[in-house]
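# Quick one, what's the 3D model for this:
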Amino acid sequence: MKIAKRILLVVAIFAIGIYCGKLFFGRGSDIPAPVPTYFSQSAQPGDSVGIGAGTVTGKIIDVKNGSSIQEAVGKASPGDLIRIYPGVYHETVYIDKDNISLQGVIVNGEWPTLDGEKKQNDAILYSGNGVLVENLKITNYKGNGIMGQAGNNYVIRNNWIVDTGVYGIFPQFGKNGVVERNILSGIEDAAIYIGMCDNVDVRFNEVYGNVAGIEIENSRHALVEYNYAHDNTGGILAFLTPGLPIKTCYDVIIRNNYVYNNNTKNFGAVGSTVSHIPKGTGMLIMAADDITIENNIVTGNDNAGITITDYGYAGVDHASDPESEPNSDRITLLDNFMSNNGADPVADVKAIMMTKLSKLGPDIIAVGGGQGSCVVNPGRYRTFGLDAYANCQARDTRSVKTYLLDKPVAPRVTATIEKGKMTYYGVCSGCHAYSTRLVGPPVNTIQALYKNNAQGIVDFIANPVHKRDDYPEMPPQNYLTEETRKAVAEYMLSLTK
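Take a look at the predicted model:
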């Protein structure tokens, strides 16, 4: 389906969703207010309204087919706008400057396309602050479509991302960002992965044909709304993964989304966290706290509509990271429309539901520990494990229009002494937790292999060799300087948890 038709389909679906909200819940779903003004809605020269993505104060640099986007970034200064015209660009673009805007120009339906040809690992990597990436088609990469590496005040908007390996859009350890109006498919881990971030809005995206559609992991203050998550293995997830530097995941609002038919067979890397997600999972909350699920349409998910669980779900040993609390606490379920879920539950869920004389899987299932949770009108759903849930007193989250901050946040301080830590947080920890496998081997395994050999890690980071079939190939991080690679190698060898 062409992109324009698909966008029209998404708009129509959300119109239906708003109508259903009025019909079934007795109230409308207000479209949130625009993002703060320092995030330019359309990057144009002269939009100097603050230090944030889309703030264009400098020159326009045009990139035409046959030219290099990376060369344009090299010439750019903070505040410049790089306009990319239709054509096919076979490259990795790394942005290590602040306030750079990448804006694709779509002409008569033709998109500027970054094509990795299944040879290159990453399309766009940014460590700068105030970065905007919009209107690009990205395909055929092995690692990531768009990855943020500790950059704050970012906007990732209106991109079309297909088959980019492990992650599609992956802001890592960034604060104050927007991910909106993107379409992503064919991703073998998470299409949109918000990793160790704070104050993020994820809005109006379509994710389909992925293992995980949208995943909020070890992040805080996230608003996930008006997204269309369909035909993934799991639609929308909020996780607390142990072994990462950030030890909490809380204050996430998941509202007004359409979560449909997430029954795709799991094709994630065997042993990775997402490989444990059963097909047919609409929403999954694991060990995250203070999560509000409101006014969503959740239908046609064959295992369960909403699953709420602790670390036991993924076979995680809590002793590996005692600082990460393993239960899902204070989950609030408000006014969701759920139907036709549980048609083909996995064996464990089927056995649980048989105790309730049901051959169908549940709309909502809660297993494991947790406290302080509540649900509105549980009798309208097929449920298991909600006996301890109270009747909710809170009625809605309409007062929360956005989790973006009123003012842009300052860049992270990366003094020399902190270089290794910041690089690990922003670059490495998306795949390497301390003692739990995410994508690559855990840090404690790396420590055993490279004990007293920091230089071995330095060399491997720049030129990795694929050694094990049960792990995906690691992308080279040779854009990092020798000094930075040495700092992160020494930091990883020093970690104890």
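# just to confirm, which helix or strand has the residue nearest the centre of the chain in it?
Centroid-nearest residue in the chain, with Cα atoms, centre = their mean: Tyr193, separated by 1.6 Å. Element membership for Tyr193 (DSSP states H and E) is strand 190-195.
# ok, the residue located most distally from the centre of the chain - contacts?
The C-alpha centroid of the chain is most remote from Leu357, which lies 37.2 Å away (Cα atoms, centre = their mean). Leu357 makes contact with no residue under the criterion Cβ atoms under 8 Å, 6 or more residues apart in numbering. For the C-beta atoms, the positions are set from N, CA and C on the backbone; glycine is no exception.
# for it, phi and psi?
Dihedral pair for Leu357: phi 60, psi 40, per degrees, to the nearest 10.
# my guess is the residue nearest to the centre of the chain meets Thr164, correct?
No - here Tyr193 does not reach Thr164: they are 11.5 Å apart, not a contact under Cβ atoms under 8 Å.
# Run the chain-centre distance for stretch 125-141.
Offset of stretch 125-141 from its chain centre (Cα atoms, centre = their mean, to the nearest Å): 14 Å.
# mean confidence score for it?
For stretch 125-141, mean pLDDT is 95.
# how far is the helix or strand encompassing Asp459 from where the chain is centred?
If you go by DSSP H and E, Asp459 is part of helix 454-462. Computed by Cα atoms, centre = their mean, the separation of helix 454-462 from the middle of its chain amounts to 28 Å.
# So for it, what gets flagged as buried?
Buried residues in helix 454-462, counted by 16 or more other Cβ atoms under 10 Å: 454, 457-458, 460-461.
# neighbouring contacts of it?
The contact list for helix 454-462 (Cβ under 8 Å, 6+ apart) reads 446, 450, 474, 476-478, 480, 482, 485-486, 488-490, 492-493.
# Please export the C-alpha coordinates of it as CSV.
Taking C-alpha atoms only, helix 454-462 is exported to CSV below (Å, rounded to 0.1, in the frame of the first residue of the first chain):
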residue,chain,number,x,y,z
ALA,A,454,40.7,-3.1,27.4
GLN,A,455,42.5,-2.7,24.1
GLY,A,456,40.9,-5.9,22.9
ILE,A,457,37.5,-4.3,23.4
VAL,A,458,38.7,-1.1,21.8
ASP,A,459,39.7,-3.0,18.7
PHE,A,460,36.5,-5.1,18.6
ILE,A,461,34.3,-2.0,18.9
ALA,A,462,35.8,-0.6,15.7
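# Following element in sequence after it, please.
helix 482-494.
# What is that next one packed up against?
When contacts are defined as 3 or more Cβ pairs under 8 Å, 6 or more residues apart in numbering; DSSP states H and E, helix 482-494 sits against helix 419-423, helix 443-449, helix 454-462.
# Arrange those in TSV, one row each, with mean pLDDT as further columns.
Listed next are the helices and strands packed on helix 482-494 as TSV, based on pLDDT from 0 to 100:
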stretch	mean pLDDT
helix 419-423	70
helix 443-449	78
helix 454-462	77
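# how about these in CSV, adding distance to Ala288?
Formatted as CSV, the helices and strands packed on helix 482-494 follow (distance: least, Cβ to Cβ, whole Å):
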stretch, distance to Ala288
helix 419-423, 25
helix 443-449, 23
helix 454-462, 31
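# so which of the ones you listed gets nearest Ala388?
helix 443-449 (36.0 Å; Cβ to Cβ).
# residues contacting Tyr94?
70, 73, 124-127, 479.
# For the chain, give me the ranges with low pLDDT.
1-35, 40-52, 54, 314-320, 413-417, 422, 425-426, 429-430, 438, 497 (pLDDT under 70).
# Next up, identify which helix or strand the closest residue to Pro171 other than its chain neighbours is on.
Spatial nearest neighbour of Pro171, excluding adjacent residues (Cβ to Cβ, 6 or more residues apart in numbering): Gly148 at 3.8 Å. Applying DSSP H and E as the criterion places Gly148 in strand 144-149.
# That strand pairs with which strands, and in what direction?
Note on strand 144-149: by DSSP bridges, its sheet partners are strand 122-126 (parallel), strand 167-172 (parallel).
# of all these, which lies closest to Gly372?
Of all those, strand 167-172 sits nearest to Gly372, with 29.3 Å by Cβ to Cβ.
# which helices and strands does whatever helix or strand Ile291 lives in pack with?
Secondary structure from DSSP H and E places Ile291 in strand 289-294. Here strand 289-294 touches strand 250-255, strand 281-286, strand 331-334, going by 3+ Cβ pairs under 8 Å, 6+ apart.
# Can you pull out the residues in contact with the last one?
Applying Cβ under 8 Å, 6+ apart, the external contacts of strand 331-334 come out as 285, 291-295, 306, 308, 364, 366, 370, 373-376, 389, 392, 394-397.
# continuing past it, what's the next helix or strand?
Next along the chain after strand 331-334, taking DSSP H and E as the criterion, comes strand 337-339.
# The first one now?
On the C-terminal side of strand 250-255, the nearest following helix or strand under DSSP H and E is strand 258-260.
# Pairing partners for that following strand, with directions?
Strand 258-260 has its sheet partners listed here by DSSP bridges as strand 228-230 (parallel), strand 297-299 (parallel).
# the domain parsing of this protein - what is it?
What automatic domain parsing lists as the domains of the chain is 31-165, 187-409, 416-494.
# re earlier: just the strands paired with strand 258-260: most buried one?
strand 228-230 (a mean of 26; mean count of other Cβ atoms under 10 Å).
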